[in-house]
Every structure is written in structure tokens, then in C-alpha cells.
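Chemist: just need the structure, nothing else, for what follows:
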Amino acid sequence: VEAGNGKVEVRYVRTDNDERRRLADNANCPKRPLQAVNFRDQQATFQEVYRCITFSYLRSTERIEFVNPGIEGMEYQITSIIKKMINPERSIGFLTGHDEATPDTAMPYLSRILQDNHLGYTTRTVDLHGGEDSIPTDIKGLVIVNPTRRIEERELRRINEYLMRGGSVAVFASGVNVTGTDTRPSAARAEHNLDTLLRGYGVTLKNNVILDPRATDAIEEIEQGRVRIRMFAFPAITHDGSNKSTERTFQGLNQAHSSVFRLPGIVMPFVSQLEVDSGRYCVAESDTDAAERRRCEGQNKPMLVTVARTSDASITQQDNFELDALDLIMRRQTVFGRGGAHGPYTVGLAIAGPLRSAFPDGGSAGGDAGAQGGSNVPAQATSERPARLLVMGSGKMFSIEQLRAIAIGGIPTNVEMLLNTFDWLSQDYDLLAVRAKDVSEPELGEVSDNKKRLFQWGSILGLPLLVGLAGLLLSNLRAKSRRELKV
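Modeler: As a prediction, this is how the structure comes out:
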């Protein structure tokens, strides 16, 4: 309220009489059961209570129907609702026209999650029609998920133009096209042509599949029925924390990046390796650290952050793909024990800042004069309007088929990453700042055995000794005072 400078009014309504209960009912606040525990009588009862928050602004109304007893995520939810009411048009575009995965075709759950969690985003499809159309300027960012047909160069130039004018793009795509079932897939070289665009930014999407013993289990259909098996083609990228993402030996998930902030891990089915010319960039650990941003601005280079790497035991398959899940389990020792190159392999990275154009000739769509912008496409994004590019080497992270197999309960962390990505694409620093606040209990560091023994004997002997010394000192002071009085 204080931060609102008089523009925010807060009313607390305690439903302790009929009139106030009518107010709650009129605000469409439902009653929900809540467990109450009486520790003195050792009894637990369920009561129907109102725990609702309503928001009113001009003629629009939003509400959180039930406030959970915990505070985790509450500030983010309230901030999202306020921003949605002030700026209701926050749309994220999904590229279509090349058999991509979109919210309508592969993510039917997404609209419900956005609505139930009051995130304030809407989604729409963006068809460039072979490069005839440009990317709409009213979207907050463009997401490209698992295209399986060729994206023409004219369309790639439209995407590049969008980035050069300060746009944000997230690419979730593998270097191979995987068909068939998860347990018996077939893989072939990808035809989407995204590598033509990415190579212009110094990023290479390899035509391989990474297998990793640090993988997730999935419930899959085999001849014997539905069983839970280890899917080596579904690497589990988890937070390690043993070293920084800027180090060569880094593996796992870099939680310092906004797209995966505080996520314990993600699963990347049929993921391909990414290689990047790091000499073109200012390599950083975090995209939200102000000192890191100033350092990169001083170098006049875009910031490069490694988001994810596989484990050091991972291997790659290229050309001759052998991805049968049961066969890989039976040959596990041979597959991962053989000589040759092993990981960690980079599978996710983010670039932000004055990115240089992937097409130095400056043409908008194949250089034709009829295309919007013609040759007036900037050669480089600016610090004032920075480009933002997220590349993840898996196109099947959000498809409902894979999520059903790997999800255990709640919102899968892959979906949470997609929601984080929306904030990152929209450059919503308010929401990113809220996400950056850690409301969890602080972790206690490891205590050595010597320190434990020191604390134990210090408590047993040290405290009584201190009390005794304090008593002796006080007794001496009193004796001295009495002698002075007698004199």
C-alpha cells in the first residue's frame, strides 16, 4: 500500500457476520475446506472458510479464489494479476506453418495453466507465409518449438529482422527429426533449416542425439504392457551446484539464468548438442546480475549464458541412430563404457544484448525490394533495444505425450521453464525480480566433526565456566565496595 503512493486501496474483510459473508459471496469468493489442528487437544477438524483475494481496476475484476497457507509464489501471482489488469495485452507468439508444436496442437494444458495461475499471458500462432509476412510487433516474444518441415530463408530473415529490432526469440528444436514411439523411435537428420539462422549467430545445432545415464524414468507402453523404464534418450538436467556454468567442467542446470531459476531440473527428450563461438560474446554466469551486465556492456558484446549441459558420462549418436529404449538398457555397459568422446555437452544457452545480424547483406527477406524493410534491417541490435535469443536442443520438452510419461504430480518443471521463458522473452524485469526472491528456508552448511565436538564440550563445560567466572568477578566487586565503605 505504501509503495502505491495512495493509488492502491486495500480492504480486509473478516467474514464473522452475515453481512460480511454476503460481501464475500457477491465477490464470487467460494468457501473451501481447510484443516485446523488443535495441538492442545490433539484434534484435527475441517472447516469451510473464505481465503480469497479480489482485485478491482476500472471495470475489470480478477481474483485468487483460495490463498494457500504458505506464501510460496504469492508475490509473483499478485504482481502478475496487477500487470495483467494494467496491460491486458501480453501475447506470446508461436511460429507455425512448418508442423511446429503449438499450444493448440501439442500443449492443450497451457491455456488452463495461464488462466488458473493468473499469469496474464495469451498465446497466438504466427505464420510468416514463406516470408511474405513479418513478425507482429505487438507480441512480447516468439517461440519456435519442434518444426519438422523446412523454414525458408525468407522466413529466417524475418526472424533475424525481428531480433535486430529488439525482439525476443526462444528456439526449442533438435538437430534430428524423431518419429515413432518413445521406446522404439526412428531418427533422421532434421530438415527445419534453423541451423542456417543459428550459425549466423555463431551457434551450431548438431545433427546428433545425446544419450545420458543421468536420465529420467518414464511410463511407456511396451509388449508386456505399461511399465516404468529408464529412458537414456531423455537426459535429466539437474542442478549440480558444484561449479559455475562458465567453467569447462560444468554440468547440469544453471539456476542463475531466469528461464530455469530455482528449478531442480528439467528433462530434454532426444536432445542435440549445441556448439557456440564464445569469442563473439561476453561469457557470463547470470543474466540478472547487474555487475555482469555492466561488464558485458563495457565490452560492447552480447551476453552469453550457458543454461544446461548433460553429464560427463553422456555420449552422442550421429547418423546410425540406435535408440530402442529396451535395447539400450540391455547394452548399457557397452554403450556408456566404450571409448571415445563423452560429455558434458552444452544443450541450452541464452544470448542477450547487441547481437549482430545473421545475414550481413542486410536484406529483410532474401533481399527483395518488395519485402518490408528491404535493406534497412539493422546490422546489429542495440543496447537500448537488445536482442534476446534462447536456444534449447530439444523440441519435445513440452509435448503432452512426453509430459504424460515423465510427470509425477503438479506442474512439470518443463512447463515451469516455459512460463519462466515467457517472462524472459517479454523482458519483464518486475516479474523476474520477484522470481529472484528466495522465500525458502536458508540451508545450513555442513559442519565438521571437530566443530561439532567443540560445540558439544563448549556447551557442557564452557557455559558453566563462564557463569562461574562471572559470579567470582561479581563477588570480588562487592567485596571491594564493602571495604571502601568501611574506610
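
Chemist: wait, G130 sits on R157?
Modeler: No - here G130 does not reach R157: they are 11.3 Å apart, not a contact under C-beta atoms under 8 Å. Yep, even glycine has a C-beta here, placed from its N, CA and C like the rest.

Chemist: those two - which one has more neighbours?
Modeler: R157 (29 against 13; other C-beta atoms under 10 Å).

Chemist: beyond the worst-scoring helix or strand of the chain on mean pLDDT, next helix or strand please.
Modeler: Across the helices and strands of the chain, mean confidence by mean pLDDT, DSSP states H and E is lowest for helix 429-435: a mean of 61. Note on helix 429-435: by DSSP states H and E, the next helix or strand toward the C-terminus is helix 449-457.

Chemist: show me what secondary structure element comes after that next one.
Modeler: Counting by DSSP H and E, what follows helix 449-457 is helix 463-486.

Chemist: just for the protein, where's the confidence low?
Modeler: 1-4, 37-39, 70-73, 76, 88-89, 242-243, 362-375, 407-410, 428-448, 485-487 (pLDDT under 70).

Chemist: again, only this time at 50
Modeler: Applying pLDDT under 50 to the chain flags residues 366, 368-374, 438-442.

Chemist: could you pull out the helices in it for me?
Modeler: 18-26, 74-86, 110-116, 153-164, 194-199, 290-299, 325-330, 332-337, 400-406, 413-425, 429-435, 449-457, 463-486 (DSSP state H).

Chemist: tell me the most buried of these?
Modeler: Mean neighbour count, computed with mean count of other C-beta atoms under 10 Å, is highest for helix 153-164 among the helices of the chain, reaching a mean of 24.

Chemist: that helix packs against which elements?
Modeler: strand 139-145, strand 168-172, helix 194-199, strand 387-392 (3 or more C-beta pairs under 8 Å, 6 or more residues apart in numbering; DSSP states H and E).

Chemist: in TSV: those, plus distance to R478.
Modeler: Output for those, formatted as TSV (distance: least, C-beta to C-beta, whole Å):
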stretch	distance to R478
strand 139-145	75
strand 168-172	75
helix 194-199	83
strand 387-392	73
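
Chemist: among the ones you listed, which is nearest P360?
Modeler: helix 194-199 (12.4 Å; C-beta to C-beta).

Chemist: C-alpha coordinates for the closest one, PDB please?
Modeler: C-alpha atoms of helix 194-199 as PDB (Å, rounded to 0.1, in the frame of the first residue of the first chain):
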ATOM      1  CA  LEU A 194      17.200 -23.400 -38.300                       C
ATOM      2  CA  ASP A 195      20.900 -24.000 -38.400                       C
ATOM      3  CA  THR A 196      21.200 -21.600 -41.300                       C
ATOM      4  CA  LEU A 197      19.900 -18.800 -38.900                       C
ATOM      5  CA  LEU A 198      21.800 -20.000 -35.800                       C
ATOM      6  CA  ARG A 199      25.100 -20.300 -37.500                       C
END
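
Chemist: who does Y57 bridge with?
Modeler: Per DSSP bridges, the residues bridged to Y57 are S60.

Chemist: burial check on it, number of neighbours?
Modeler: 13.

Chemist: try the one 3 residues further on
Modeler: By other C-beta under 10 Å, 11 other residues sit near S60.

Chemist: hang on, T382 packs against L163?
Modeler: No - here T382 does not reach L163: they are 11.7 Å apart, not a contact under C-beta under 8 Å.

Chemist: contacting residues around I151?
Modeler: Listed by C-beta atoms under 8 Å, 6 or more residues apart in numbering, the contact partners of I151 are H98, H192, N193, L194.

Chemist: state the distance from it to A190.
Modeler: Distance, I151 to A190, by C-beta to C-beta, to the nearest Å: 11 Å.

Chemist: and if you look at L418?
Modeler: Here L418 is placed at a distance of 21 Å from A190 (C-beta to C-beta).

Chemist: again, but for A36
Modeler: From A36 to A190 the distance is 56 Å (C-beta to C-beta).

Chemist: next one: D327 from T334, what distance?
Modeler: 11 Å.

Chemist: and for G167?
Modeler: As judged by C-beta to C-beta, G167 and T334 stand 46 Å apart.

Chemist: tell me the contacts of R385?
Modeler: Counted by C-beta under 8 Å, 6+ apart, R385 has contacts R165, G166.

Chemist: mind running it again at 6 Å?
Modeler: Contacts for R385 (C-beta atoms under 6 Å, 6 or more residues apart in numbering) come out as G166.

Chemist: quick check: it vs M303, distance?
Modeler: 15 Å.

Chemist: now swap in V8 and tell me
Modeler: 35 Å.

Chemist: of these two, which one has the most company?
Modeler: Using other C-beta under 10 Å as the criterion, V8 and M303 rank with M303 on top: 25 against 11.

Chemist: tell me if I'm right that that one and S286 touch.
Modeler: No - using C-beta atoms under 6 Å, M303 is not in contact with S286, being 9.2 Å away.

Chemist: for G339, see how far away D423 is.
Modeler: D423 is 43 Å from G339, by C-beta to C-beta.

Chemist: sorry, wrong one. I was asking about R295.
Modeler: For R295, the distance to G339 equals 40 Å [C-beta to C-beta].

Chemist: same question, L472
Modeler: Counting by C-beta to C-beta - L472 and G339 are separated by 73 Å.

Chemist: likewise S174?
Modeler: 26 Å.

Chemist: re the thing from before, show the buried residues in the contacts of I151.
Modeler: The neighbour-count test (16 or more other C-beta atoms under 10 Å) marks H98, H192, N193, L194 as buried among the contacts of I151.

Chemist: ok, and the closest non-adjacent residue to the last one?
Modeler: Closest residue to L194 in three dimensions, ignoring its sequence neighbours and counting by C-beta to C-beta, 6 or more residues apart in numbering: A173, at 5.6 Å.

Chemist: over to the second one?
Modeler: Here the nearest residue to H192 in space, its sequence neighbours aside, is P147; by C-beta to C-beta, 6+ apart that works out to 4.2 Å.
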